[in-house]
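Peer 1: Need the 3D shape of this:
(3 chains)
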Amino acid sequence: MNGPATGGPGRATGVVPEAAGAAGTTAGTASGTTEDAALALGDDALVLSHRLAEWAGHAPALEEEVALANLALDLLGQARTLLTMVGDEDRLAFCRQERAFRNVQLVEQPNGDFAHTIARQLYFSTYQELLWEQLAAGDGPFAPLAAKAGPETAYHRDHAVTWTLRLGDGTRLSRERMQRAVDALWRYTGELTRPVAGLAGVDWAALAAGWAERVGATLRAATLTVPEAPARAVWSAGGGRQGIHTEPFGRLLAEMQHLHRSHPGARW
Amino acid sequence: MHEGVYREFEETIAAGERIEPRDAMPPEYRATLIRQIAQHAHSEIIGMQPEANWITRAPSLRRKAILIAKVQDEAGHGLYLYGAAETLGARRDELLDRLHAGRQKYSSIFNYPTLTWADVGAIGWLVDGAAIVNQVPLCRCSYGPYARAMTRICKEESFHQRQGYELLLALSHGTEEQHEMAQDAVNRWWWPSLMMFGPPDGESPRTERSMAWKIKRHTNDELRQRFVDIVVPQAASLGLTLPDPLLRWNEERGHHDFGPIDWAEFHAVLRGEGPCNAQRLGQRRRAHEEGAWVREAAAAYAARHAARPAGRAA
Amino acid sequence: MSGAADVPGGADRVPGGTDWPLWEVFVRPRRGLAHTHAGSLHAPDAELALRNARDLYTRRGEGVSIWVVPATEILASSPEERDPFFAPAADKPYRHPTFYEVPEGVRSL
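Peer 2: Residues are numbered from 1 along each chain as shown, chains lettered A, B, ... in the order given. Next up is the predicted model:
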């Protein structure tokens, strides 16, 4: 139960995850530990899974209820594996403060309309697919997970591409909405290809190039315009990986953590 | 059509064999099935809402995964059932239109609110428990596609009731607050669960015919009694009580006696006066309307890219 | 066989509905077994039909391969289930091994 990274009383600000605490420090890279990396990747999956699960009962077609839930479940499974590498999964998910979360800002963005959800899926699943490809090819601590998650993520990307094509090249209205979503979320994509502390054996330049190529090809095939705006927000006091999030994230956590925190020490 | 066209139908039923979609069948048999299967499908789809209400607040990641999977199953089961209704010539969009217009019902149980996390457990244990008692005989229903859909659904739902029981067990043996939460949920869901079996036999006009056609295998009261007998010992094992002072074992009957059900409440909820009728239907309509542009986009794309070379089956 | 049986008379379906078209789904449960009819679903095109079928009918690992067929493309041998097509076969019990008497104790036959 005494998992690390909970921003407990020892840390008045509750900001910095003590990821390397009880679980023991591992080598990682120069700038972080394996636990730091597991936390970052785990938070990505946890938060995106949460957003996708918000669709339950609201999806645009009954068939999509099933599809979106599958994505959410896959990601939740990945999150649980990753967070367990760091400590107690529930303490990490439910007892950390907003500033202690290490997910990229993209995944915390609200669902918006279905186009926004699909654009977010396209951007994130392409990143994750490339990342798992590289990690699965290595022999680092994430190789087993990457090998298992790879096929899942390939399907997530397939789902996103399938819908990007249909919305982009569908009706005039859907094209407008898809383009708007692609543009609106573009500013959160720069963060995806920045090195993750503690994650060894990733060629980030290759990942960034692969991402631009795959996303660009999909958008063009969907008759959409690839945004030319900067892929990062102007104000950059950091980003999700440094615990700087966007306003909607606090509300997400408030909802997600409320019940668990209302009953300290309870078992569920 | 000619003489004796329904004789074969009657003979098939009498022989305990299945009716298949393109068999000649009395129009009333077809209409009864479409109505029943559609209501069943609607119940699965509307039934997603009270539980989905707690997905984003599930108190552990394990519980969250279970709940997402369960609500997903309900969507899937709705789809199986709409598929079964479509084999009778009904169209899904028309059935959904009827639901959205309030012209076709769904199970009244879903018009009650899920106020606490324990309600997720109570729904799994009591509501799914009642549904299973109702559904198991439907696996032998005389209409083939419905029976096959129900077989698949029953198989998949076997975890639904169990997870609810387990959830309540954890709460019942947890902190005092958790125990209270569990008892409160059971208190609220008990009577509506008993109502799920429908009005008493004397007031269930269609039961007799449905039984003759082997769509239904047992009367409402028989199934209700079976449910009570199953659940009473389970409640004891949970350390929870059922809110009925008249509930007791009747040695003579070999069944539990239970108190009178408030049928006025049942009929009021059925009429649309339940706590959540408007909310549930409103959300369903909104999802359908707000999704229209997505469905239209996919149809437009398909029309433009028709005759694509997909992987050929071999 | 049950596939064609479950097609709700594709040709009878009123065109112009707002829903996506209906597809019949066939799943191969595991290698070595044939695809069998699992049910139906709606999808705007073949690609989404395959994806929807994967999500709907193989959530629990029930299959290793899926076929989807537009419901309107399935031809049934006759409009009724009691099919004169198959009546002659019922008359030829000699096609079945149980037709023949074999003395007790004879094996591998």
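
Peer 1: what mean pLDDT does stretch B:163-181 have?
Peer 2: Averaged across stretch B:163-181, the pLDDT comes to 97.

Peer 1: residues of that stretch that come out buried?
Peer 2: Of all the residues in stretch B:163-181, those buried under the rule 16 or more other C-beta atoms under 10 Å in any protein chain shown are B:163-172, B:174, B:178-179, B:181. In short, each C-beta sits where N, CA and C put it, glycine included.

Peer 1: export the residues you listed to a markdown table and tack on secondary structure and distance to A:Q121?
Peer 2: Listed next are the buried residues of stretch B:163-181 as a markdown table, based on DSSP: H, G, I helix; E, B strand; the rest coil; distance: C-beta to C-beta, whole Å:
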| residue | secondary structure | distance to A:Q121 |
| --- | --- | --- |
| B:Q163 | helix | 28 |
| B:G164 | helix | 31 |
| B:Y165 | helix | 35 |
| B:E166 | helix | 32 |
| B:L167 | helix | 30 |
| B:L168 | helix | 35 |
| B:L169 | helix | 37 |
| B:A170 | helix | 34 |
| B:L171 | helix | 35 |
| B:S172 | helix | 40 |
| B:G174 | coil | 37 |
| B:Q178 | helix | 36 |
| B:H179 | helix | 41 |
| B:M181 | helix | 36 |
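
Peer 1: can you name the two of the residues you listed that are farthest apart?
Peer 2: Farthest apart among the buried residues of stretch B:163-181 by C-beta to C-beta are B:Q163 and B:H179. That separation is 18.8 Å.

Peer 1: From the chain's centre, how far out is stretch A:99-113? Work that out for me.
Peer 2: Centre-to-centre, stretch A:99-113 and its host chain are 7 Å apart (C-alpha atoms, centre = their mean, to the nearest Å).

Peer 1: hang on, I meant stretch B:286-295
Peer 2: Worked out by C-alpha atoms, centre = their mean, stretch B:286-295 lies 24 Å from the chain centre.

Peer 1: Could you do stretch A:107-114 as well?
Peer 2: The mean C-alpha position of stretch A:107-114 is separated from the chain mean by 12 Å, C-alpha atoms, centre = their mean.

Peer 1: quick one: B:R284 and B:G47 touch, right?
Peer 2: No - taking contacts as C-beta atoms under 8 Å, B:R284 lies outside contact range of B:G47: 10.9 Å.

Peer 1: and A:L41, how far is that from A:Q242?
Peer 2: 15 Å (C-beta to C-beta, to the nearest Å).

Peer 1: Among the two, which residue is more densely surrounded?
Peer 2: Ranked by neighbour count (other C-beta atoms under 10 Å in any protein chain shown), A:L41 and A:Q242 place A:L41 first, with 30 against 14.

Peer 1: quick one: that one and A:T153, what's the gap?
Peer 2: 12 Å.

Peer 1: what's the neighbour count on A:P230?
Peer 2: Neighbours around A:P230, by other C-beta under 10 Å: 11.

Peer 1: Output stretch A:117-129 as CSV, restricted to C-alpha atoms.
Peer 2: Provided in CSV are the C-alpha atoms of stretch A:117-129 (Å, rounded to 0.1, in the frame of the first residue of the first chain):
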residue,chain,number,x,y,z
THR,A,117,-11.8,12.2,-30.5
ILE,A,118,-10.7,10.6,-33.7
ALA,A,119,-8.0,13.3,-34.3
ARG,A,120,-6.7,12.7,-30.8
GLN,A,121,-6.7,9.0,-31.5
LEU,A,122,-4.9,9.4,-34.8
TYR,A,123,-2.2,11.5,-33.2
PHE,A,124,-1.7,9.4,-30.1
SER,A,125,-2.0,5.9,-31.6
THR,A,126,0.5,6.8,-34.3
TYR,A,127,2.9,7.9,-31.7
GLN,A,128,2.3,4.9,-29.5
GLU,A,129,2.6,2.5,-32.5
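
Peer 1: List the buried residues for it?
Peer 2: A:117-129.

Peer 1: Could you export the residues you listed to CSV, including columns for secondary structure, pLDDT and distance to chain C?
Peer 2: Listed next are the buried residues of stretch A:117-129 as CSV, based on DSSP: H, G, I helix; E, B strand; the rest coil; pLDDT from 0 to 100; distance: C-beta to the nearest C-beta, whole Å:
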residue, secondary structure, pLDDT, distance to chain C
A:T117, helix, 98, 16
A:I118, helix, 98, 13
A:A119, helix, 98, 18
A:R120, helix, 98, 19
A:Q121, helix, 98, 13
A:L122, helix, 98, 15
A:Y123, helix, 98, 20
A:F124, helix, 98, 18
A:S125, helix, 98, 14
A:T126, helix, 98, 17
A:Y127, helix, 98, 21
A:Q128, helix, 98, 18
A:E129, helix, 98, 17
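
Peer 1: Quick check: residues of the stretch 151-268 of chain A near chain C?
Peer 2: Residues of the stretch 151-268 of chain A lying near chain C by C-beta under 8 Å from any C-beta of the partner chain: A:158-159, A:162, A:166.

Peer 1: which of those residues tops the neighbour count?
Peer 2: Within these, A:R166 tops the neighbour count with 27 neighbours, counted by other C-beta under 10 Å.

Peer 1: now that one: how far from A:H50?
Peer 2: 25 Å.

Peer 1: Do I have it right that A:E191 meets A:R232?
Peer 2: Yes - if you go by C-beta under 8 Å, A:E191 and A:R232 touch, sitting 6.8 Å apart.

Peer 1: more crowded one of those two?
Peer 2: Of the pair A:E191 and A:R232, A:E191 is the one with more neighbours under other C-beta under 10 Å, namely 21 against 16.

Peer 1: Phi and psi next, for that one.
Peer 2: Main-chain torsions, A:E191, degrees, to the nearest 10: phi -70, psi -20.

Peer 1: so what's it up against?
Peer 2: Neighbour list for A:E191: A:104-106, A:232, A:239-241 [criterion: C-beta atoms under 8 Å, 6 or more residues apart in numbering or on different chains].

Peer 1: I'd like the distance between it and A:L145.
Peer 2: 21 Å.

Peer 1: related to what we said a few turns ago, now distance to B:I13 too, for the buried residues of stretch B:163-181, in JSON lines please.
Peer 2: Output for the buried residues of stretch B:163-181, formatted as JSON lines (distance: C-beta to C-beta, whole Å):
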{"residue": "B:Q163", "distance to B:I13": "37"}
{"residue": "B:G164", "distance to B:I13": "36"}
{"residue": "B:Y165", "distance to B:I13": "37"}
{"residue": "B:E166", "distance to B:I13": "41"}
{"residue": "B:L167", "distance to B:I13": "41"}
{"residue": "B:L168", "distance to B:I13": "41"}
{"residue": "B:L169", "distance to B:I13": "43"}
{"residue": "B:A170", "distance to B:I13": "46"}
{"residue": "B:L171", "distance to B:I13": "46"}
{"residue": "B:S172", "distance to B:I13": "46"}
{"residue": "B:G174", "distance to B:I13": "51"}
{"residue": "B:Q178", "distance to B:I13": "50"}
{"residue": "B:H179", "distance to B:I13": "50"}
{"residue": "B:M181", "distance to B:I13": "48"}
